[in-house]
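Student: Show me the folded form of this:
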Amino acid sequence: AAAALAAPRAAQACTTVAISAGATSDGAAMTMHTTDCVECDFRLALVPGRDHPEGAQHPVYGIAAAFPRFHSDRATIYQNVPDVKPLRHIPEVARTYGVWEASYTLMNEEGLTFGESSCSSKLTAAGIDMADPATGKYGEAYFSVAALMQLGLERCATCRCAVKTIGALAEEYGFYGESFMGGETITMADTTGEAWVFHVQQDFSTNHSAIWVAQRVPDGHIAVIANEFTIQHVPEEETDDFMFSSNLRSEAIAAGFWDGNGDFNFQQVYGTKSVVGDNLYATLREQWIYSQVAPSLDLQLPMSPTALKFSYPVDDKLSVEAAIALLRGHYDGTEWDLTKGIMAGPFGNPKRIEGGTGLKEVKGALPRPISIPRTSHVLIGVASADNAVALFGPDEPATTVFAP
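Tutor: Next up is the predicted model:
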């Protein structure tokens, strides 16, 4: 299932979480993100804030996740690598914020922080370095999710600004996912205490624009995204809790996904179960976190991710340490406990290597935890107004050491 979501030089089936300020013990909204990628360039770069002259251009490099991400004067680590030329350029803004970044941009100097998860979509998505597998031809869309995250954090201090900025850029220049049948999710948190979930995919009519929707995580709630769209009911007009592209409904009608009548459910209209299916690949990770933070709900594990809500309220406010523990778990104490059973061996080893002949010959699937051997790096973004911090860890959550 993870391989189906993968593309060359792209992260593969990441998990991300958005936590509102009212759900944390210190009152700071948070994002969490595991970058699950066997070949991603996880080197940490500090990109300084800059003033740009009139007429300056911002380079666009495509997905650019594997080493070397690119060659430029953007940060010191990019200067001594082989020359990787930009594929496109767009006009630069007068001032950009300083950011920390690895394969994905993590947090900026204003405390705005992002996470990411690739999501299956009904729509195709060729781009400047993503070819249509049927024709071998590249598309005209400029922006992968990594490029959009970079622009959002360079240009915005709040989630609301980032949603509008990223959405407008994706519509103007085009978006493509990290797989040909892929959309993307960006989780966001800022120092005002807000947390948002942003879904984006390529448009149907031109293949050179985007369809997007964003929803604010209610205060006191946590939202988990595990490779499936989670935003469901979208109002007809934007509200304080919802923002979306003007073509949200018209593109669904044009593609034959919606007849224009009744409630508009983004997850059901644009999402698909063709990649992860009803095999718990997404729902097991989502339900695990929700069951840990809100045991009073007695939330049962559904087969389909469409059976879960967009977000759930927490029983007790989460500390940073408690949030990290959510990513490190291996379904301990449940029927899916990866430290138990014959595959755990005599020493209770929770690691499972995906792929191989056995998984092809024997029907079924291994439980997919959040912490897996092919995790490249982990982010805990704490958007505190007093002391925003990006806790970064190479390797998987269960074995990494987080550094602020």
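Student: hey, C-alpha coordinates of stretch 152-166 in PDB?
Tutor: Provided in PDB are the C-alpha atoms of stretch 152-166 (Å, rounded to 0.1, in the frame of the first residue of the first chain):
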ATOM      1  CA  GLY A 152       4.000  29.100   2.900                       C
ATOM      2  CA  LEU A 153       6.500  29.300   5.700                       C
ATOM      3  CA  GLU A 154       8.700  31.900   4.000                       C
ATOM      4  CA  ARG A 155       5.700  34.200   3.300                       C
ATOM      5  CA  CYS A 156       3.300  33.800   6.300                       C
ATOM      6  CA  ALA A 157       3.200  34.100  10.100                       C
ATOM      7  CA  THR A 158      -0.300  32.500  10.600                       C
ATOM      8  CA  CYS A 159      -2.200  29.500   9.400                       C
ATOM      9  CA  ARG A 160      -4.900  31.600   7.800                       C
ATOM     10  CA  CYS A 161      -2.300  33.500   5.700                       C
ATOM     11  CA  ALA A 162      -0.600  30.200   4.800                       C
ATOM     12  CA  VAL A 163      -3.900  28.600   3.600                       C
ATOM     13  CA  LYS A 164      -4.700  31.600   1.400                       C
ATOM     14  CA  THR A 165      -1.100  32.000   0.100                       C
ATOM     15  CA  ILE A 166      -0.500  28.300  -0.700                       C
END
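Student: Helices of this protein, start to end?
Tutor: 2-5, 145-155, 159-173, 248-254, 266-270, 283-293, 320-328, 357-361 (DSSP state H).
Student: out of those helices, which comes closest to Thr105?
Tutor: Closest to Thr105 of the helices of the chain is helix 145-155 (CB to CB; 4.6 Å). No exception for glycine: its C-beta is placed from N, CA and C like everyone else's.
Student: angle of the closest one against helix 159-173?
Tutor: Helix 145-155 and helix 159-173 are oriented at 130 degrees to each other (axes from the mean of the first three to the mean of the last three CA atoms, to 10 degrees).
Student: Identify all contacting residues around helix 145-155.
Tutor: 47, 58, 60-65, 93, 96-97, 99, 101, 103-108, 112, 114, 116, 118, 143, 161-162, 165-166, 169-170, 175, 177-178, 184, 186, 188, 200 (CB atoms under 8 Å, 6 or more residues apart in numbering).
Student: Let's see which of those residues end up in strands.
Tutor: 47, 58, 60, 96, 99, 101, 105-108, 114, 116, 118, 184, 186, 188, 200 (DSSP state E).
Student: Could you verify my assumption that Trp258 touches Val269?
Tutor: Yes: between Trp258 and Val269 there is a contact under CB atoms under 8 Å: 5.0 Å.
Student: joint contacts of these two?
Tutor: Counting by CB under 8 Å, 6+ apart, the common neighbours of Trp258 and Val269 are Ala252.
Student: returning to that earlier point: if any of the contacts of helix 145-155 are buried, give me the ChimeraX selection for them.
Tutor: To isolate the buried members of the contacts of helix 145-155 in ChimeraX, using 16 or more other CB atoms under 10 Å:
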select :47,58,60,61,62,63,64,65,96,97,99,101,103,104,105,106,107,108,112,114,116,118,143,161,162,165,166,169,170,175,177,178,184,186,188,200
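Student: quick one: contacts for Val314?
Tutor: Val314 makes contact with Ala23, Gly220, His221, Ile222, Val293, Ala294 under the criterion CB under 8 Å, 6+ apart.
Student: Now with 7 Å, please.
Tutor: By CB atoms under 7 Å, 6 or more residues apart in numbering, Val314 lies in contact with Ala23, Gly220, Ile222, Val293, Ala294.
Student: and the last one, how far is that from Ala255?
Tutor: Counting by CB to CB, to the nearest Å, the separation of Ala294 from Ala255 is 36 Å.
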